[in-house]
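J.: Pasting the sequence and the predicted model now:
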Amino acid sequence: MTIGSESPAPKHLLDELGFATWKDGGDLRGSASITPVMHVPGAPHLRTSVLAAWADILTGLLATQVTTPRVPVTLELDVQLYRPAPADGTVEGIARVVKVGRSVFVSSVEFTSSGAGPLAIANASFMMAPDPGLRLPPSFDVELPLREDRLAVPLAERAGCERRAPGVAVLPRSEDGLNVSGTVNGGLIALAAEEAVLSLEPGGTLCSLGLRYVQPARVGPVVATARQQDGLGQVELRDAGNGDRLSCIATARTFRGARLAG
């Protein structure tokens, strides 16, 4: 989850996705407009990893209402689409609390798209960062304004995420792609997982993406290695600069694979 610091908040790569949030009672809502640079390469559909990033933002912000002043970190995140995402229009999300436990916070998100109705559902779980010295800034607010700077190039290009070989994608560590804890943002890790899977099926798009964060990626680059059968992919994401330690495992299914399986 991306958390800004003192005003003015530092620019973050994912801010360029144009996602604004606001409170709605005990829920948290968010909205953004789809642009072509958010599309899956070779397909007129919004990236599933963008929905994952937006879900991480909404649920993470909601978690801060319980963990404050401590910082929440993502344990698990999944996104399931009803149909391929649209090429344009507006996406809206509403995040709700599912459970507040002693050590784990769980929330869900419902995404809709303008003119198309329900788009996807997402679920996420969080725990407090192990470092008790990590604190939310005094100026922290869950209501994020719409940033003026918008993504001008395809997301993978902006993040420097490259497909190095079939089933392999590499995401560098960048200062504007980190969490408040100084580790690689979970939404960008979702992008790397998506790129690794789609490199095995060019022109495809993901109907589901589930991520289990094992430990933070501190050094980078993050190397995502995917294997796939009948449209179902499994991805290992490792922190290459930190002893090749496993940072995340992901599972993904493409719409083509889902149709074949059906």
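T.: Alright, I've got the coordinates.
J.: nearest residue to W54 other than its sequence neighbours?
T.: Computed as C-beta to C-beta, 6 or more residues apart in numbering, the closest residue to W54 that is not its neighbour in sequence is F19, at 5.3 Å. Every C-beta, even on glycine, is put in place using the N, C-alpha and C of the backbone.
J.: ok, now how distant is A193 from L171?
T.: A193 sits 9 Å away from L171, going by C-beta to C-beta, to the nearest Å.
J.: actually A217, sorry about that
T.: 8 Å.
J.: Mutual contacts of those two, please.
T.: Contact criterion C-beta atoms under 8 Å, 6 or more residues apart in numbering; residues shared by A217 and L171: 184, 189.
J.: Between these two, tell me which one has more neighbours.
T.: When neighbours are counted by other C-beta atoms under 10 Å, A217 and L171 differ, and A217 comes out ahead with 31 against 28.
J.: That one contacts N185, correct?
T.: No: between A217 and N185 there is no contact under C-beta atoms under 8 Å: 9.2 Å.
J.: Can you pull out the low-pLDDT segments for the chain?
T.: Scanning the chain with the threshold set as pLDDT under 70 gives 1-10, 257-262.
J.: how about the strands of it, start to end?
T.: For the chain, the strands defined by DSSP state E occupy 20-24, 27-33, 72-81, 90-100, 105-113, 117-128, 162-165, 168-171, 206-213, 222-229, 232-239, 245-254.
J.: what would those look like in JSON lines with distance to L51?
T.: Listed next are the strands of the chain as JSON lines, based on distance: least, C-beta to C-beta, whole Å:
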{"stretch": "strand 20-24", "distance to L51": "15"}
{"stretch": "strand 27-33", "distance to L51": "10"}
{"stretch": "strand 72-81", "distance to L51": "5"}
{"stretch": "strand 90-100", "distance to L51": "7"}
{"stretch": "strand 105-113", "distance to L51": "6"}
{"stretch": "strand 117-128", "distance to L51": "6"}
{"stretch": "strand 162-165", "distance to L51": "20"}
{"stretch": "strand 168-171", "distance to L51": "18"}
{"stretch": "strand 206-213", "distance to L51": "8"}
{"stretch": "strand 222-229", "distance to L51": "18"}
{"stretch": "strand 232-239", "distance to L51": "17"}
{"stretch": "strand 245-254", "distance to L51": "13"}
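J.: which one of the ones you listed lies closest to L155?
T.: Between L155 and the strands of the chain, the shortest separation by C-beta to C-beta is 11.3 Å, and it involves strand 168-171.
J.: Counting by contacts, list what that closest one packs against.
T.: Applying 3 or more C-beta pairs under 8 Å, 6 or more residues apart in numbering; DSSP states H and E, we find strand 168-171 packed against strand 162-165, helix 186-198, strand 222-229.
J.: List the strands paired with it, with their directions.
T.: Strand 168-171 has the following strand partners under DSSP bridges: strand 162-165 (antiparallel), strand 222-229 (antiparallel).
J.: quick one, what contacts A63?
T.: Counting by C-beta under 8 Å, 6+ apart, A63 has contacts 1, 72, 105, 107, 126.
J.: hmm, I was thinking of L77
T.: 52, 55-56, 59, 122-125, 186, 190, 210-211, 213.
J.: Near the residue nearest to S33 when sequence neighbours are not counted, how many residues? Count them for me, please.
T.: Distance criterion C-beta to C-beta, 6+ apart; nearest residue to S33, sequence neighbours excluded, is T90 at 5.3 Å. Neighbourhood size, T90 [other C-beta under 10 Å]: 13.
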